[in-house]
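>>> Sequence first, then the predicted structure:
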Amino acid sequence: MADSAAIPSLPGRARAAEATPRRDRRPIRVEAGRWLPWLLPTLVITGWQAAASLGLVSTRFMPAPLDVAAAGYRLALTGELFENLWVSFARAASGFLIGGGIGLFFGLANGLSRLSERLTDTTLQMVRNVPHLSLIPLVILWFGIDEEAKLFLVALGVFFPIYANTLHGIRSVDPQLIEMGRVYGMNRRELFARVVLPGALPSIFVGIRYALGIMWLTLIVAETISANSGLGYMAMQAREFMLVDVVVLAILIYAGLGKLADSLTRALERTCLAWNPAYRNS
Amino acid sequence: MTAALRLTDIQDRHRPERGLGITLRGLSKSFEGGPAVIRGLDLDVPAGQFVAVVGRSGCGKSTLLRLILGLEAPSAGRITLSGGEPTTRIMFQEPRLLPWARVADNVAVGLSRDIGAAERRARARDVLAEVGLADKAGQWPATLSGGQRQRVALARALVSRPALLALDEPLGALDALTRIDMQAMIERIWESQGFTAILVTHDVGEAVAMADRILVIEEGQVALDLDVEVPRPRRRGDPALAALEGRILDRLLVRT
């Protein structure tokens, strides 16, 4: 299975390696390749600034990028920005670790044990079909607007993608490799550590990526609806006082945080899945 | 140069006697109420012999191999492996390498877990040199060609110096030239190490070129048991081999 995935990408890479040294255009191409993803955001922000400066859009509803930057600077000086950023980050991270940890645990347990699967999978699938954000009123009743409420929602949201993808990953490990491990004298623990877990890892990473998206989404909604600190709260407060620049600032920070989380996962994938040609040069 | 050295080495040295003898008595196997795949099979394989098992698809030859290795339990009958420690290894039709382990680590899978890290590395390196892949030790399997992967699988099977090597159509997926190279390599290593080899194959030509003895299996029984008397090293296209191949093919093609 891994072999067939490897084959199509090889000719392409070989061709690229042949083409570049001959024309000696490699440095330019690498530089261009590196900055290319940022071209579009830069154009959008420049255009937006131009439109605001020329008075094409009303800065009352859509502040210019420079105003947003100024708001960021202002809030950074008072320390408000970093405090809220830290609070949000801590919530996201701890909710992710708790929910992801439980998801990983059940995914592994149900992937490895028929009994465990029969016992819990049906229940988990039923709970999964409840949109976790619909629990917000209930969660507020239970926990008020304290930290537990946010942790609970984030953990719940993050749980399912990691659970489902871990389970799927373990199920789809090549049975021929497992037979090989057995024949070559691996015991259960070795079989898990050397065959099953590495084989499930690409799928687990897919789960982590999904989970990261859900993590931010859940946190923003939870903080917007009920909180007294954090980025979502900062944005809601700003809306009360018609501080549009702060609202936009909060949204942009979310975009940045999302990109950061994604980049971290990619870096982790590249390290952990270096054996897989699909991840090596992405 | 090293290859030439090794060849004279083999000719001078007495061939080590450390293969397993195999005795099968009244061996039968059926799967969950189905018809018997192996029916009352008797067989004696002396230690160090190279046996090829040929037959049509579904004749039970792979099951026979799995029974001898203990991967399946017989429904009736007895399997005795005699002489030396019963270390057996199998090489599958697919390389079955761990894609997430480098070549040397894949080879080390074949070693006992009690061996220290330094020795594991050294032995993996030695056996990789033997299959001509010393320079690939640090590579990922995905970067190797099909033939190279199968050579790594061979190295993994050989690294623990087994007394019985089972080859379950290991060359079936390779192109014709690579297959001939691999046949020569397996034959050379078998000659130098002295293990008992059982090769299951569809390719009668391959069986005749490599084996001391050929078993034709039909409907779970030995239909034909032939010794290949042609001395080694054998030359491709040798008329005696061709005649033998023709005889076996005739037998296989008569019944449909």
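Thanks, I have it.
>>> what separates the host helix or strand of residue B:178 from the chain centre, distance-wise?
Residue B:178 belongs to helix B:176-193 when assigned by DSSP states H and E. The chain centre lies 10 Å from the centre of helix B:176-193; the measure is C-alpha atoms, centre = their mean, to the nearest Å.
>>> May I have the beta-bridge partners of the residue nearest in space to the middle of chain B?
Nearest to the mean C-alpha position of chain B, by C-alpha atoms, centre = their mean, lies residue B:167 at 3.0 Å. Beta-bridge partners recorded for residue B:167 (DSSP bridges): residue B:91, residue B:199.
>>> hmm, back to that, so what does the helix holding residue B:178 touch, helix or strand wise?
Judged by 3 or more C-beta pairs under 8 Å, 6 or more residues apart in numbering or on different chains; DSSP states H and E, helix B:176-193 is in contact with helix B:2-12, helix B:146-158, helix B:204-210. Quick note: C-beta positions are derived from backbone N, CA and C, even for glycine.
>>> Out of those, which gets the lowest mean score?
The stretch with the lowest average pLDDT out of the helices and strands packed on helix B:176-193 is helix B:2-12, scoring a mean of 44.
>>> Pretty sure residue B:226 sits in a helix.
No: Residue B:226: not assigned to a helix; according to DSSP: H, G, I helix; E, B strand; the rest coil it is strand.
>>> List the beta-bridge partners for it.
Residue B:226 forms beta bridges with residue B:214, as assigned by DSSP bridges.
>>> if I read this right, it contacts residue B:211, doesn't it?
No: applying C-beta atoms under 8 Å as the test, residue B:226 and residue B:211 come out as separate, 9.2 Å apart.
>>> Chain B contacts on chain A?
Contact residues, chain A versus chain B (C-beta under 8 Å from any C-beta of the partner chain): A:2-3, A:6, A:176-177, A:179-181, A:183-186, A:190, A:194-195, A:198-199, A:201, A:273-277.
>>> Which residues of the stretch 151-256 of chain B lie near chain A?
So the stretch 151-256 of chain B meets chain A at residue B:156 (C-beta under 8 Å from any C-beta).
>>> just for the stretch 151-256 of chain B, where's the confidence low?
B:255-256 (pLDDT under 70).
>>> Also the stretch 101-250 of chain A?
Within the stretch 101-250 of chain A, no range satisfies pLDDT under 70.
>>> now the helix holding residue B:178 against helix B:146-158, angle please.
Interaxial angle of helix B:176-193 relative to helix B:146-158 (axes from the mean of the first three to the mean of the last three C-alpha atoms, to 10 degrees): 20 degrees.
>>> how about the helices in the chain?
Picking chain A for this. With DSSP state H, the ranges of helices along chain A come out as A:2-23, A:26-53, A:65-78, A:80-112, A:114-128, A:136-143, A:147-171, A:175-183, A:188-191, A:197-225, A:231-240, A:244-272, A:277-280.
>>> oops, chain B please
Under the criterion DSSP H, chain B contains helices at B:2-12, B:61-69, B:103-108, B:117-130, B:146-158, B:176-193, B:204-210, B:239-254.
>>> Would you mind giving these as CSV with mean neighbour count added?
As requested, these are exported to CSV (neighbours: other C-beta atoms under 10 Å in any protein chain shown):
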stretch, mean neighbour count
helix B:2-12, 10
helix B:61-69, 22
helix B:103-108, 24
helix B:117-130, 17
helix B:146-158, 24
helix B:176-193, 17
helix B:204-210, 23
helix B:239-254, 14
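>>> want to try CSV for these, with distance to residue B:39 as columns?
As requested, the helices of chain B are arranged in CSV below (distance: least, C-beta to C-beta, whole Å):
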stretch, distance to residue B:39
helix B:2-12, 40
helix B:61-69, 11
helix B:103-108, 38
helix B:117-130, 38
helix B:146-158, 29
helix B:176-193, 30
helix B:204-210, 22
helix B:239-254, 18
